[in-house]
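> what's the 3D shape of this:
(chains A and B)
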Amino acid sequence: MRVDANHLCTFSQDLATSVQRCDTGAMKKLINDAADVVSESLLGVEAAHSDIVRVDHDQKVIYRKSAPVAGKVGLISGGGSGHEPMHGGFVGMGMLDAACCGEVFTSPVPDQMLAATSAVDGGAGVLHIVKNYTGDVMNFEMAAEMAEGTEVATIVVDDDVAVKDSLWTAGRRGVGTTVLMEKIVGAAAEEMRDLAAIHALATKVNATGRSMGMALTSCTVPAAGKPTFDIGDDEMEMGVGIHGEPGRTRLKIASAKDVTEMLCAPILEDLDFKGDVIAMVNGMGGTPLIELYVMYNEVDKYLKSHGVTIVRRLVGNYITSLDMAGASVTLLKADDEILKLWDAPVLTAGLRWGC
Amino acid sequence: MQVTVSAVAAWMTSFADVVHANAAYLTELDSAIGDADHGANLDRGMKAVVALDASTFDSASAYLKKAGMTLVSTVGGASGPLYGTLFMRIGAALPADGEVTPAILGDALQAGLDGIVARGKALVGDKTMVDALTPAIDAYRGAESQGVPAALAAAAKGAADGRDATIPLVARKGRASYLGERSAGHQDPGATSVTMLMESAAAMHVG
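Numbers count the residues shown, from 1 in each chain, chains lettered A, B, ... in the order given. All right, here's what the predicted structure looks like:
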């Protein structure tokens, strides 16, 4: 990277702005105590959705109220908190049986996955749906090793095309495809397919789903009290991860049309999506729906001009990064089997149709 | 030579104190190339380890295994499984009666490192705690003939050298790896905390 005087000047101005922001601007969040955010939000989840879920507050696990369902493969996911509605909002009929909630942006511990694994085992085994982040992978792996008496299969989702060189990194991150997978695999589990079939389906979804995201602002982790990264008022981070990890490049902010091309082109370069797809235009938490619909319009147009037809879609905040402003695009190839499972009934706090 | 429960409990207490005092520093290092939680997470885990009642364990081996499990259960992230595995493997490699030679203690440390490599799949040069722990054990082996205190002192020095050598490296594992070239120029937080662990070990009384 070449650094010239202009860049340095901009950088020091940005730094000055951000330092000022950190010094003067207190974190503005609707919380009581930063240390209690996860546990108090779980109390709220239980109070709001007791028709769908129950919550183990000691282990910080959200369970489908009717779990374990006899004869059904149990589906477990989890990860750091701060990505709501994923995963707790996707617990219920037609999706997950349990979501293990870690601290904000910190993976849950094996004890949680172990407790959830035995609690949702209806006799047909359990699938762990894990996003490819080092901590998540290791903690789920330890839980799977410790699980006794339950057959456990694991799918690691790694769909983020922003990570270019998988050989020299921890590999592609698991992001938006996770949401679509939880819906599709959840519907298949309701059909009482066996664990091997469920695992094969999850593998297929992972192989045919791709995502890329961008950020306009940083997020602020409650316990940290200041923005995770500094970004200028006129800048955006292209290819950002769901914890504010850096992406491919830092650029000057661009129009929704141009941003759409920057998100979709790498996805289409990575995998040939010609034909039908399920698309998700996802908000990172701090971007209003009106902007997401502006983005959706651009995504729809862009894909049409490249021979890709959206046949099902989600537009909204599904896999978020606290208060980060920005968006991500996820595409998943849609064949008849995938569409049938997508259209099947689902009843969760975050996604519900057909029932 | 005896490795007693009280000796390893003192080691853990000393490490916990250093981590607590440096929690903000570790988090600062982590915020540059990771996710800004290493200090807070390790501090939380080591507080839970120190809260274990050492008098209820009949061997250093059993105590360290429990310390490892405690870290796994309380830390989360990548450092929980990695530090947890380190302590569990060291504990498992110590004889139940605590009778050790310098070579046996070195083997136990090596078992801990092997466990971390198996769990995290990081190699030397990937900019992780392995980059501090590997030269620490090499240095221990080199000074082994001079007895445990000298070997542990050498290990602490080796760890610190390895930690400093992580600064120019480009991360290839963990969340820092997503930075690519941008991770160069930053000291690895995991290599930093594991150096604190080896420095605390050098102060441990084994006799």
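> show the secondary-structure elements that the worst-scoring helix or strand of chain B on mean pLDDT is packed against.
None of the helices or strands of chain B scores lower by mean pLDDT, DSSP states H and E than helix B:23-33, at a mean of 91. Counting contacts by 3 or more C-beta pairs under 8 Å, 6 or more residues apart in numbering or on different chains; DSSP states H and E, helix B:23-33 packs against helix B:38-50, helix B:189-202. From N, CA and C alone the C-beta is placed, and that goes for glycine too.
> need those helices in TSV (columns: mean neighbour count, mean pLDDT and distance to A:Asp272).
Shown next, in TSV, are the helices and strands packed on helix B:23-33 (neighbours: other C-beta atoms under 10 Å in any protein chain shown; pLDDT from 0 to 100; distance: least, C-beta to C-beta, whole Å):
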stretch	mean neighbour count	mean pLDDT	distance to A:Asp272
helix B:38-50	23	95	41
helix B:189-202	25	97	39
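> can I get those in TSV with distance to A:Glu151?
Shown next, in TSV, are the helices and strands packed on helix B:23-33 (distance: least, C-beta to C-beta, whole Å):
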stretch	distance to A:Glu151
helix B:38-50	31
helix B:189-202	34
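> quick check: residues of chain A near chain B?
A:1, A:80, A:102-103, A:105-111, A:133-135, A:138-139, A:141-142, A:163, A:165, A:168-170, A:173, A:221, A:223-224, A:228, A:241, A:243-246 (C-beta under 8 Å from any C-beta of the partner chain).
> those residues, buried ones only, as a ChimeraX selection?
Only the buried entries of these go into this ChimeraX selection, using 16 or more other C-beta atoms under 10 Å in any protein chain shown:
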select /A:80,102,103,105,106,107,108,109,110,111,133,134,135,138,139,141,142,163,169,170,173,221,223,224,228,241,243,244,245,246
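> chain neighbours aside, what residue packs nearest to A:Ala115?
Distances taken as C-beta to C-beta, 6 or more residues apart in numbering or on different chains place A:Gln59 nearest to A:Ala115, at 4.9 Å, with adjacent residues excluded.
> what about that neighbour, neighbour count?
If you count neighbours by other C-beta atoms under 10 Å in any protein chain shown, A:Gln59 ends up with 20.
> so which helix or strand takes in it?
Using DSSP states H and E, A:Gln59 falls within no helix or strand.
> ditto for the one 3 residues further on
Assigning secondary structure by DSSP H and E places A:Ile62 in strand A:61-64.
> before we move on, what about A:Asp300?
Assigned by DSSP H and E, A:Asp300 falls in helix A:289-304.
> centre of the chain to that helix, how far?
From the chain centre to the centre of helix A:289-304 is a distance of 20 Å (C-alpha atoms, centre = their mean, to the nearest Å).
> out of the helices and strands packed on helix B:23-33, flag the one nearest chain A.
helix B:38-50 (6.4 Å; C-beta to the nearest C-beta).
> now the closest one against helix B:189-202, angle please.
40 degrees (axes from the mean of the first three to the mean of the last three C-alpha atoms, to 10 degrees).
> so what touches helix B:38-50?
A:103, A:106, A:223, B:12-13, B:15-16, B:19-20, B:22-30, B:67, B:70-71, B:73-77, B:79-80, B:83, B:189-190, B:193 (C-beta atoms under 8 Å, 6 or more residues apart in numbering or on different chains).
> the helix or strand that it is followed by vs chain A: in contact?
Remark: after helix B:38-50, the chain's next helix or strand is helix B:60-75, criterion DSSP H and E. Yes: for helix B:60-75 and chain A, the contact criterion (C-beta under 8 Å from any C-beta) is met by B:72-75.
> quick one: buried residues of stretch B:106-124?
Neighbour-count burial for stretch B:106-124 [16+ other C-beta under 10 Å]: B:106-113, B:115-117, B:119-120, B:122.
> alpha carbons only: can I get that stretch in PDB?
Taking C-alpha atoms only, stretch B:106-124 is exported to PDB below (Å, rounded to 0.1, in the frame of the first residue of the first chain):
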ATOM      1  CA  GLY B 106       9.500 -30.100  30.100                       C
ATOM      2  CA  ASP B 107       7.500 -33.000  28.600                       C
ATOM      3  CA  ALA B 108       4.400 -31.700  30.400                       C
ATOM      4  CA  LEU B 109       4.900 -28.200  28.900                       C
ATOM      5  CA  GLN B 110       5.400 -29.800  25.500                       C
ATOM      6  CA  ALA B 111       2.200 -31.800  25.900                       C
ATOM      7  CA  GLY B 112       0.400 -28.500  26.600                       C
ATOM      8  CA  LEU B 113       1.800 -27.000  23.400                       C
ATOM      9  CA  ASP B 114       0.900 -30.100  21.400                       C
ATOM     10  CA  GLY B 115      -2.700 -29.800  22.700                       C
ATOM     11  CA  ILE B 116      -2.900 -26.200  21.600                       C
ATOM     12  CA  VAL B 117      -1.500 -27.000  18.100                       C
ATOM     13  CA  ALA B 118      -4.000 -29.900  17.800                       C
ATOM     14  CA  ARG B 119      -6.900 -27.700  18.800                       C
ATOM     15  CA  GLY B 120      -6.000 -24.500  17.000                       C
ATOM     16  CA  LYS B 121      -4.000 -25.900  14.100                       C
ATOM     17  CA  ALA B 122      -1.700 -23.000  14.200                       C
ATOM     18  CA  LEU B 123       2.000 -23.400  13.200                       C
ATOM     19  CA  VAL B 124       5.000 -21.300  14.200                       C
END
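> mind checking how far it is from the chain centre?
10 Å.
> ok, now stretch B:20-35?
On the basis of C-alpha atoms, centre = their mean, stretch B:20-35 sits 16 Å off its chain's mean C-alpha point.
> just stretch B:174-194 next, same as before
Worked out by C-alpha atoms, centre = their mean, stretch B:174-194 lies 17 Å from the chain centre.
> before we move on, the earlier item: tilt between the helix or strand following the helix holding A:Asp300 and helix A:289-304?
Note on helix A:289-304: by DSSP H and E, the next helix or strand toward the C-terminus is strand A:308-316. Angle of strand A:308-316 versus helix A:289-304, following the same axes, to 10 degrees, is 170 degrees.
> thanks again, I'm all set now.
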